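Asker: okay, here's the prediction I keep looking at, along with the sequence it came from:
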Amino acid sequence: MPEGTRNEFGRIGIWTAGYERQPAGRVRESAAELEELGYGAIWYGEAFGRDAVGQAWLLLSSTRRITVASGIVNIAFRDPIATATAARTLGEAFPGRYVLGLGGHRIDDTVHQVDGYAVPALGRAATTMRAYLDSMDAVPAHGPLPDPAPRRVLAALGPKMLELAAERTWGAHPYFVSVEHTARARRIMGPGAFLGVEQAVVLDTDLGRAREVATAHVAGYISKAPHQVANVRRLGFGDEDIIGGPSRRLVDAIVAQGNADAIGRRVQQHLDAGADHVCLQVLTADPAVLPEREWRELAPVLVPSSTSPSSSSEQP
């Protein structure tokens, strides 16, 4: 990995699934503001709203400097040829600004049904991802190649995926993890791999209200995402933390709550544990509304070079 590339987009970014719900015009305006606020990267999820490749193009074309990273492109949704050629195109059009995050939740014998269409079951996570990367690398190039080539990261949680991320890609993008997981990930991957950690936060000084939002977020994952349950069990959480709803201990480990300074302390803990970059997923009681007020409030505390959009627009 070239010297200096790990921190070239800064220590703090924003992670959001909210753009899928928004019209293109609102996404453009919001992305431009995040860039003005000084955040180093925009990470975005992919569900069934806007396609991950189209979303990347929308975000990149609306900004000038900020890194745009998929968190993640779901490998169960698309052929490796489509992923490889799309990444090349984005890398050529926006040199150095696109990071391809890869992941996929369909493992073992699981089959996902969408409108009657069966997405074929994948094998075990690390084996499937290795084969997918091999297939991407084998796609011939019949057009211009981007320089530099787009970087790749893996949505890695367990030891085998973390090892694969360090071996075959730029690094890892763990999601729904604690500070302890960050420390473990760094030990497994070694000092050279990039580690960009998602951290869910609730910016609210009413801690009772904040914990309600945080608990709902954690409950949604432990009730529907077996891979996340397996990961928190690896971290030492047991039945008492999972069955019947998340325990306070589990909620507090996954979601930082309180004012901007409290959230800043959690970010620093991840950095001290070995993260290169922390992307904040701001949770609110209404996920249909972009948390723009919270993004603005957090920026001056967490992003030293932050400027407000109004002050930035006044510069010559």
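Answerer: Yes, it's here.
Asker: can you name every helix or strand that the helix or strand residue 153 falls within contacts?
Answerer: Under the criterion of DSSP states H and E, residue 153 resides in strand 151-154. Using 3 or more CB pairs under 8 Å, 6 or more residues apart in numbering; DSSP states H and E, the elements in contact with strand 151-154 are strand 98-103, helix 159-168, strand 171-172, strand 194-203. Yep, even glycine has a C-beta here, placed from its N, CA and C like the rest.
Asker: each with direction, which strands does the last one pair with?
Answerer: The reference is to strand 194-203. Using DSSP bridges, the strands paired with strand 194-203 are strand 171-172 (parallel), strand 255-258 (parallel), strand 277-282 (parallel).
Asker: and the nearest residue to residue 301 once chain neighbours are set aside, what pLDDT?
Answerer: Using CB to CB, 6 or more residues apart in numbering and skipping the chain neighbours, the partner closest in space to residue 301 is residue 260 (4.0 Å). Listed pLDDT for residue 260 reads 98.
Asker: wait, what's in contact with residue 260?
Answerer: Contacts for residue 260 (CB atoms under 8 Å, 6 or more residues apart in numbering) come out as 203, 297, 298, 301, 302.
Asker: look up phi and psi at it.
Answerer: phi -60, psi -40 (degrees, to the nearest 10).
Asker: and what of residue 126?
Answerer: In terms of degrees, to the nearest 10, the main-chain angles of residue 126 are phi -70, psi -40.
Asker: pretty sure it is touching residue 167, no?
Answerer: No: using CB atoms under 8 Å, residue 126 is not in contact with residue 167, being 10.3 Å away.
Asker: the two - which one has more neighbours?
Answerer: Taking other CB atoms under 10 Å, residue 126 and residue 167 do not tie; residue 126 has more neighbours (19 against 11).
Asker: hang on, the earlier thing: the strand holding residue 153 - what's its average pLDDT?
Answerer: In this model, strand 151-154 has a mean pLDDT of 98.
Asker: quick one: end-to-end distance for stretch 141-156.
Answerer: 28 Å (CA to CA, to the nearest Å).
Asker: do stretch 233-240 as well
Answerer: 11 Å.
Asker: could you do stretch 67-76 as well?
Answerer: 24 Å.
Asker: picking that back up, a markdown table for the strands paired with strand 194-203, including mean neighbour count?
Answerer: Listed next are the strands paired with strand 194-203 as a markdown table, based on neighbours: other CB atoms under 10 Å:
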| stretch | mean neighbour count |
| --- | --- |
| strand 171-172 | 26 |
| strand 255-258 | 23 |
| strand 277-282 | 24 |
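Asker: compare the ones you listed and give me the one nearest residue 213.
Answerer: Comparing those by their distance to residue 213 (CB to CB), the top pick is strand 255-258, with 8.1 Å.
Asker: ok, residues contacting the closest one?
Answerer: Strand 255-258 has contacts (CB under 8 Å, 6+ apart) with 199-205, 207, 210-211, 214, 217-218, 262-263, 265-267, 283.
Asker: what element comes up after that strand heading to the C-terminus?
Answerer: Later in the chain than strand 255-258, the nearest helix or strand by DSSP H and E is helix 260-273.
Asker: just the CA atoms of the strand or helix carrying residue 33, as PDB, please.
Answerer: Residue 33 belongs to helix 24-37 when assigned by DSSP H and E. C-alpha atoms of helix 24-37 as PDB (Å, rounded to 0.1, in the frame of the first residue of the first chain):
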ATOM      1  CA  ALA A  24     -31.700  12.900  -6.500                       C
ATOM      2  CA  GLY A  25     -31.800  16.700  -6.000                       C
ATOM      3  CA  ARG A  26     -31.900  16.400  -2.200                       C
ATOM      4  CA  VAL A  27     -29.000  13.900  -2.300                       C
ATOM      5  CA  ARG A  28     -26.900  16.300  -4.400                       C
ATOM      6  CA  GLU A  29     -27.500  19.200  -2.000                       C
ATOM      7  CA  SER A  30     -26.800  17.100   1.100                       C
ATOM      8  CA  ALA A  31     -23.600  15.600  -0.300                       C
ATOM      9  CA  ALA A  32     -22.300  19.000  -1.300                       C
ATOM     10  CA  GLU A  33     -22.900  20.200   2.300                       C
ATOM     11  CA  LEU A  34     -21.200  17.300   3.900                       C
ATOM     12  CA  GLU A  35     -18.100  18.100   1.800                       C
ATOM     13  CA  GLU A  36     -18.300  21.800   2.900                       C
ATOM     14  CA  LEU A  37     -18.600  20.700   6.500                       C
END
